[in-house]
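# Build me a model from this:
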Amino acid sequence: MANHALKQVFDNMLSKIVRSVNPDPLMDVLLSKSVISEDDYSTLRQVSVSSDRCRDLLSLLQLSPHPQTFLHLRLALLDEYSWIVDEVDDELTSPTCQLQQLHLRHSPNSKRPSLNTVFCVDFI
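Here you go, the predicted model:
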């Protein structure tokens, strides 16, 4: 659930991230964590414009089956782009996010609440 909540927040912040972030250090971290493959890394490196490379990286991450894709992305952003992480964290603790998590917790298809389920509420 934590990864899913982060995925939604990063998707909402796509244009801000594309305009502001150099994707190269992120790609290095995500490759080292096996979030992206060497083929993905090579393909992304061929994109010459940084903002396009960042957009392509984020699009690739949206399709990733890795269970902690967006947790790793958040951690990769922490050193150089702490202000983005602050915005992500603020969004995760917003009342809207809390209501979404409450709905997910009580939906008929969900299992018992866990720490991951209440990620938005108790993130920091």
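
# list the contacts for the residue most central in space within the chain?
Nearest residue to the geometric centre of the chain (CA atoms, centre = their mean): residue 70, 3.0 Å. Contacts of residue 70 were listed using CB atoms under 8 Å, 6 or more residues apart in numbering, and they are 3, 6, 7, 10, 61. C-betas here are computed from N, CA, C, even on glycine.

# just residue 3 next, same as before
By CB under 8 Å, 6+ apart, the contact list for residue 3 reads 67, 68, 69, 70, 71.

# For it, which three-state class applies?
Three-state assignment for residue 3 (DSSP: H, G, I helix; E, B strand; the rest coil): helix.

# Can you tell me how far it is from residue 47?
25 Å (CB to CB, to the nearest Å).

# ditto for residue 29
Taken as CB to CB, the span from residue 29 to residue 47 is 18 Å.

# Low-confidence stretches in this protein?
1, 94-124 (pLDDT under 70).

# Tell me where it has strands.
For the chain, applying DSSP state E gives no strands.

# Could I get the full set of helices for the protein?
With helices called from DSSP state H, the chain shows them at 2-12, 14-20, 23-32, 38-45, 50-62, 69-78, 82-92, 95-106.

# Packed most tightly, which of these would that be?
helix 69-78 (a mean of 20; mean count of other CB atoms under 10 Å).

# Name the nearest residue to the residue nearest to the centre of the chain, ignoring sequence neighbours.
Spatially, and ignoring its direct neighbours in sequence, residue 70 is nearest to residue 6 (3.5 Å; CB to CB, 6 or more residues apart in numbering).

# Check residue 68 too.
residue 3 (5.7 Å).

# Against residue 28, how distant is the one you found?
20 Å.

# Likewise for residue 56?
From residue 56 to residue 28 the distance is 15 Å (CB to CB).

# same question, residue 66
Relative to residue 28, and taking CB to CB, residue 66 is found at 16 Å.

# go on, residue 10?
Applying CB to CB to residue 10 and residue 28 gives a distance of 18 Å.
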